Each structure stands twice: as C-alpha cells, then as structure tokens.
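Peer 1: pasting the sequence and the predicted coordinates here, then a few questions.
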Amino acid sequence: MSTASADVRGALADAPSAPLSREFFARPTEIVARELLGAWLLRTTDDGLCGGRIVEAEAYGGPEDLASHARAGRTRRTTPMFGPVGHAYVYLIYGMHECLNVVAFRGREAGAVLIRAIEPLLGVDQIRRRRARPNDPDWRLCSGPARVSQGLAIDRSLDGHDLTAGEGLWLAATTPAPPDHEVAVGTRVGVEYAGDWAAQHWRYWLAGHPSVSRRR
DNA sequence: CGAATGATACCCT
DNA sequence: GGGTATCATTCGG
C-alpha cells in the first residue's frame, strides 16, 4: 500500500481502495470504459494530492477502429496503445491540449479509454489554480478531456506511465459502482470522419451529472 | 464563431 | 525528404 493511497483513505470517508489492478484493464475497452465510471482518478504533485471521480469515458479500439489513433497501426505516438494494459497514453491535440487515456485490451492488438471528464473532489483549490478559467464552478473545472489534464497537471511526461503502481497518477475503485440505470451510452465525440465506426456506442457517462462535457 | 498552435500522417517528388 | 491538411479541444468575442 503506497503512502499516497493511505492519504486518500484518510482524506475521505467514502474511501477509494488500492490502485486498480492489471486484471481490471485486461478486458475489452468498452467494458473498461463503463467500469471506470465512478472510479477515482488520483494525482500527486509537488502541490500535494488531488483528484476526483470519473463521470465520462470513451472506448477506442485497435487498427480496425477508424476512430482510433491506432487506425494507422503502431507509430511513435501510439506505441503505448499497443503496450501493456493499465498504462497511460497521453497525446497532444490541436497543438495545445493534452488528453489522458488508459490502455486496455482490445482484440489482442491495441486499445485505450479516453477519460473525458471527472468531478473534482480532492485538492479542488490546486486544480482551480492550474485551469485557464479559475472562476468556473467546481463541477466545470474538469468537464472535458483537456480540462482533466490541465487541472490534474497531466502531460506527455506521463505517456506510458504505469497506472497500477499507485504513484504519481493512478485509479481507484469506488463501492458501490454506479448501477446501469445511472449510466448513459452514446456515440463518441468528434469522430464523424470515422464512417461506420462513428456510430459505435462507446461513450459512457453518468446520466445528468453536471461535470459531463457538453458540445458548444 | 473562429483563432490558437504543433505533432502527426500521408502524399508527393 | 519535404510540403501540408488534419486533429478524440478549449476559450474569448
């Protein structure tokens, strides 16, 4: 048990447990995306501990999935997607924003789950200081994949990071997990170019939760 | 609504 | 090798 995990248990009555195991991520990405709803995303930096609960996630597949970065096969950028499950895949988008994925199993080839939004619950003050819009209400601070990264100080230095080690950046389950009737499912955001794969219902979110990202 | 901002992938010589 | 269109987004006007 890491010191950081012990800190989390002390910080909250609704205590997250140990880091999610390798086995948790060794399942199809759409299962992992669904199961990650409600789980804690936790981060330690020089500013201390911060994090929140995942309210929105999307599953991406391997080369067969035309919406996935892995569609071009294994490249320098997508190497983590083809590596061991439970590691981070962090990429730069639009030249300025970073997005966090969790590598999961998909057809023996590649796969990842994009963390699209969390509800900030721990270290909200430090999360707020890192954001471009520090006057936003708590629930909006991490309402979008790049906002999650900005708020939790996640960048490409964490690309390939082992999320099961429980240090620096990791995930922890909650009990109980959200029941199916609180979970909504739909198409992935921003992948209209992907033909039939754009219709795949691989986006999961907590129905009605204010921290879920919205289209403008 | 459109700018910001740079890595990447893909097509061409 | 080099040029360039595109991008799993966000913010201010």
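Peer 2: That came through, no problem.

Peer 1: need the contact list for the nearest residue to residue A:27 once chain neighbours are set aside.
Peer 2: What sits nearest to residue A:27 in space, not counting adjacent residues and going by Cβ to Cβ, 6 or more residues apart in numbering, is residue A:105, at 5.7 Å. Every C-beta, even on glycine, is put in place using the N, C-alpha and C of the backbone. For residue A:105, the contact set (Cβ atoms under 8 Å, 6 or more residues apart in numbering) comprises A:25, A:26, A:27, A:28, A:29, A:32, A:85, A:111.

Peer 1: hmm, 10 Å instead?
Peer 2: Applying Cβ atoms under 10 Å, 6 or more residues apart in numbering, we find residue A:105 in contact with A:25, A:26, A:27, A:28, A:29, A:31, A:32, A:62, A:85, A:86, A:111.

Peer 1: what do you get for residue A:97?
Peer 2: A:91, A:144, A:145, A:146, A:147, A:149, A:150.

Peer 1: could you pick out which of those residues are near DNA strand C?
Peer 2: The subset of the contacts of residue A:97 within reach of DNA strand C, by Cβ under 7 Å from any atom of the strand, is A:144, A:145, A:146, A:147, A:150.

Peer 1: near DNA strand B, which residues of chain A are found?
Peer 2: Residues of chain A found near DNA strand B (Cβ under 7 Å from any atom of the strand) are A:69, A:71-72, A:75-78, A:92-96, A:216.

Peer 1: now the strands for chain A?
Peer 2: Here chain A has its strands, by DSSP state E, at A:40-45, A:48-60, A:88-93, A:97-103, A:112-122, A:169-172, A:183-186, A:203-206.

Peer 1: returning to that earlier point: among the contacts of residue A:105, which are in helices?
Peer 2: A:25, A:29, A:31, A:32 (DSSP state H).

Peer 1: widest-spaced pair of the residues you listed?
Peer 2: With distances taken as Cβ to Cβ, the most widely separated pair in the ones in helices among the contacts of residue A:105 is A:25 and A:31, at 9.9 Å.

Peer 1: neighbour count for the two, which is higher?
Peer 2: residue A:25 (26 against 15; other Cβ atoms under 10 Å).

Peer 1: roughly how far does the more buried one sit from residue A:106?
Peer 2: 11 Å (Cβ to Cβ, to the nearest Å).

Peer 1: overlap in contacts, these two.
Peer 2: Joint contacts of residue A:25 and residue A:106 (Cβ under 10 Å, 6+ apart) are A:32, A:85, A:112, A:113.

Peer 1: check contacts around the spatially closest residue to residue A:123 that is not a sequence neighbour.
Peer 2: Nearest residue to residue A:123, sequence neighbours excluded (Cβ to Cβ, 6+ apart): residue A:50, at 2.8 Å. By Cβ under 10 Å, 6+ apart, the contact set of residue A:50 is A:41-44, A:120-127, A:130, A:151-153.

Peer 1: quick one on the thing from earlier: could you list which of the ones next to DNA strand C among the contacts of residue A:97 belong to helices?
Peer 2: Assigned to helices by DSSP H, the following of these qualify: A:145, A:146, A:147, A:150.

Peer 1: what is the nearest of those to DNA strand C?
Peer 2: Nearest to DNA strand C, judged by Cβ to the nearest atom of the strand, of those is residue A:146 at 3.4 Å.

Peer 1: count the residues that sit near the residue of chain A found nearest DNA strand B.
Peer 2: Nearest residue of chain A to DNA strand B: residue A:95, at 2.8 Å (Cβ to the nearest atom of the strand). Per other Cβ under 10 Å, the neighbour tally for residue A:95 reads 5.
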